[in-house]
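# next input, structure requested:
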Amino acid sequence: MSKANWNEQYSRKNNIKVHGVKEQAAENTKAVVQTLIKENTNATLNDEDIIAIHRIPGRKGYDRPILVRLKNNNSKSAIMKQRSEIKRKSKGAYRLSDDVTKLNSDLINKLAKNDQISSAWYFNGHVYGQVGGVKVIFDIYDDVEAKIGDIMFRVEKSGVTRRNQVSWQVCCRVNTAVLFTGIYGGFLLGTRSVSGLAFYDWESTELIRRIEITPKNVYWSENGELCCITTDESFFVLKYNPEAVEKAQGNREEIGEDGIEEAFDVVGEIDETVKTGVWVGDCFIYTNSVNRLNYYVGGEIVTIAHLDRMMYLLGYIPKDNRLYLGDKELNIVSFSLLVSVLEYQTAVMRRDFETADKILPMISKEHRSRVAHFLEKQGFKSQALAVTCDPEHKFELAIQLGDLKTCYQIAKEAESEQKWKQLAELAISKCEFGLAQECLHQASDFGGLLLLASSAGNAQMVAKLGDTAQKAGQNNVAFVSHFVLGRLEECLEVLINTGRLPEAAFFARTYLPSQVSRVVELWREHLAKVNKKAANSLAEPQEYENLFPDWKNALKTEAYLKPQRQRAIPADKFPRVPPNHERVPVDEMQQAEEQGSFTFVRGPGDDDDDDDAGDDFEQAPDTTEQSVRAPSPPPQKKETAPPDPAPSKTEMDDIEKELELDLENMNIDNVDTSDLPSADQDINLDEEDLLED
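Residues are numbered from 1 along each chain as shown. Model prediction:
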């Protein structure tokens, strides 16, 4: 129940109760409280500081208090420091108080009624009572009378003495408000009590810092800079700041009830239970609850050995590089722990790199990787790169540091595709495109090479990449490389060689009309192996030119564009080159034909149905460069004869009759159906594989 009460009180640590505010209909409690604080204090309560605000039940006959739940304890502290000012200015009309649990409130009332307790109050999660000038923390289950009697008997004028072990003379007297249940030596005097751990200065006996923690043990380093506080579940490493303590002691206003807040900085918190421990330099060596021998330094935990039984640290002898432990049967065991490694890590933690450089040669190579990882974790990556002997670790560090030379040497020795790719990315980020190209070649990263070559506008590199990728079977890269260079014939061959005949047919129909017949014939042969009926349904322009509108103009346009796509246009001409989506190639061809800058002549003996009709064009001298680089305005529509009218109904009937006669004359009795699906199987014909009218 005591733990539950503490948890409930902890959940209320950022709450404030405002008493004395009269209730009004449809009131805005937030605005009322903000105005009250603004008018009576120097503090401000902003909207973002408030999580919730509302009235809560109170005593009958009185206005209900307002509960304010704040975002953090700093906002609460700034306001609570002004509560006496609010009470004074309002002449007692308004009052601020902590949000105390019912059990703690009952305890305060109980203490206030006791004649031996001059005052009782709540502060920072605890209930205090003033007993004979001594502040004492009370719990809800304490026997108040017995505790008061014990305090009066044990603490005479609230004094605790510490005697020197040699002379047994009193050397200091510490004033305290509570009973001590434990004491710890070290750079500062540590005391354990029900309120937590407190550190005092040995000379002045002044409170340095009070910490709300129940310690199991306290270990100080030899130089007094580091302190390890162990508990039942974890341990904390703190760094002592004597400069901050000296500054605060010169200005007493900076010292609060819990001492000097800046006296310690938390270096690390580790969820391990420490059984025994010892400091060696800035390294904390300890045994834990799972029988492991570890040491902690700079946020890193290193396991020295796994123990087969519970053992206790006896000490470390640097000259022997040995760590000694003992067990309950008085057996002594030692473990090797290089003092050079510990000294090096200690020097790094103290930022004494001159000393660290002197110690480094004494560390053997097999231990340098561990030291390098330690340096990396501390943020000293360049030093870690110089220390490590592990190629993998060295490559990672070189990548992080952008050391291209070191990365190149390691990648060349390792011959790893992954390393070449990592180095290529680094080289591109450093604008070392020559090195990036070499790395991508070494890694066979055709996609990366295409990106690099196209970004640089290197046509020669793109052409070489297209040929290399095609030989290596990287068909996508090969196709794109040929396409961006206008090498449409090579693109078509890539599609044909990879068995993408439907795509090849449509590609030829779009860009190379003169090759449509050849590709369709290949498509028919391939499709006939699966479905002859579907293969026979494929049409090609030599047989059904009427199914290919404007076919002759398409052939002319191919011949017209061929010299243009074979010419590489410099990148600086880009602003004057019209985008392809804005061009109308057929209109350009017709305009050039009218101007006499483009002509074509069929070869002797060729007729309109010749398979190679599109290959025998002859062009006039190429004068289209100007039209490509600086396009003329779109041609004006000239007055020409109206297009041929659509076929009449009679003509359409004649065409249908011809098709019916062709179907009637087809002999399908001798068709080989052995490779066709059976009658009970479905035939899956994709409509996209068939040409439409």
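
# can you check the pLDDT for the residue nearest in space to the middle of the chain?
Among the residues of the chain, the one closest to the centroid is residue 400, at 15.9 Å (Cα atoms, centre = their mean). Residue 400 is assigned a pLDDT of 86 by the prediction.

# so it sits in a strand?
No: going by DSSP: H, G, I helix; E, B strand; the rest coil, the assignment for residue 400 is helix, not a strand.

# is it true that it touches residue 381?
Yes: under the criterion of Cβ atoms under 8 Å, residue 400 makes contact with residue 381 at 5.8 Å. Quick note: C-beta positions are derived from backbone N, CA and C, even for glycine.

# quick one: contacts for residue 372?
Contact partners of residue 372, counting by Cβ atoms under 8 Å, 6 or more residues apart in numbering, are 384, 385, 387, 388, 389, 390, 393, 397.

# kindly report the same for residue 211.
Residue 211 sits next to 196, 197, 198, 199, 229, 258, 264 when contact means Cβ under 8 Å, 6+ apart.

# now the residues you listed: which count as buried?
For the contacts of residue 211, a burial check counting by 16 or more other Cβ atoms under 10 Å picks out 196, 197, 198, 199, 229, 258, 264.

# what values do phi and psi take at the first one?
Backbone geometry at residue 196, expressed as degrees, to the nearest 10, gives phi 130, psi -150.

# how about the strands of the stretch 101-250 of the chain, start to end?
117-123, 126-131, 134-138, 159-163, 170-175, 182-184, 189-193, 196-200, 207-211, 217-220, 226-230, 235-240 (DSSP state E, counting those that start in this stretch).

# would you single out the least confident of those strands?
The bottom spot among those, by mean pLDDT, belongs to strand 159-163, with a mean of 41.

# which element is residue 564 on?
Take DSSP states H and E as the rule and residue 564 turns out to sit in helix 551-565.

# tell me which other helices or strands that helix touches.
Secondary-structure packing of helix 551-565 (3 or more Cβ pairs under 8 Å, 6 or more residues apart in numbering; DSSP states H and E): helix 585-595.

# chain center to the helix it packs on: distance?
In this view, helix 585-595 has its centroid 57 Å away from the chain centroid, taken as Cα atoms, centre = their mean, to the nearest Å.

# rewinding a little: could I get the CA-only coordinates of the helix holding residue 564 as PDB?
Extracted in PDB, the C-alpha atoms of helix 551-565 (Å, rounded to 0.1, in the frame of the first residue of the first chain):
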ATOM      1  CA  TRP A 551       1.200   3.800 -93.900                       C
ATOM      2  CA  LYS A 552       3.200   5.400 -96.700                       C
ATOM      3  CA  ASN A 553       3.600   8.600 -94.700                       C
ATOM      4  CA  ALA A 554       4.900   6.500 -91.800                       C
ATOM      5  CA  LEU A 555       7.600   5.100 -94.100                       C
ATOM      6  CA  LYS A 556       8.500   8.500 -95.300                       C
ATOM      7  CA  THR A 557       8.700   9.900 -91.800                       C
ATOM      8  CA  GLU A 558      11.000   7.100 -90.700                       C
ATOM      9  CA  ALA A 559      13.400   8.000 -93.600                       C
ATOM     10  CA  TYR A 560      13.000  11.700 -92.800                       C
ATOM     11  CA  LEU A 561      13.900  11.200 -89.100                       C
ATOM     12  CA  LYS A 562      16.800   8.700 -89.600                       C
ATOM     13  CA  PRO A 563      19.600  11.300 -90.200                       C
ATOM     14  CA  GLN A 564      18.300  13.400 -87.300                       C
ATOM     15  CA  ARG A 565      18.400  10.600 -84.700                       C
END
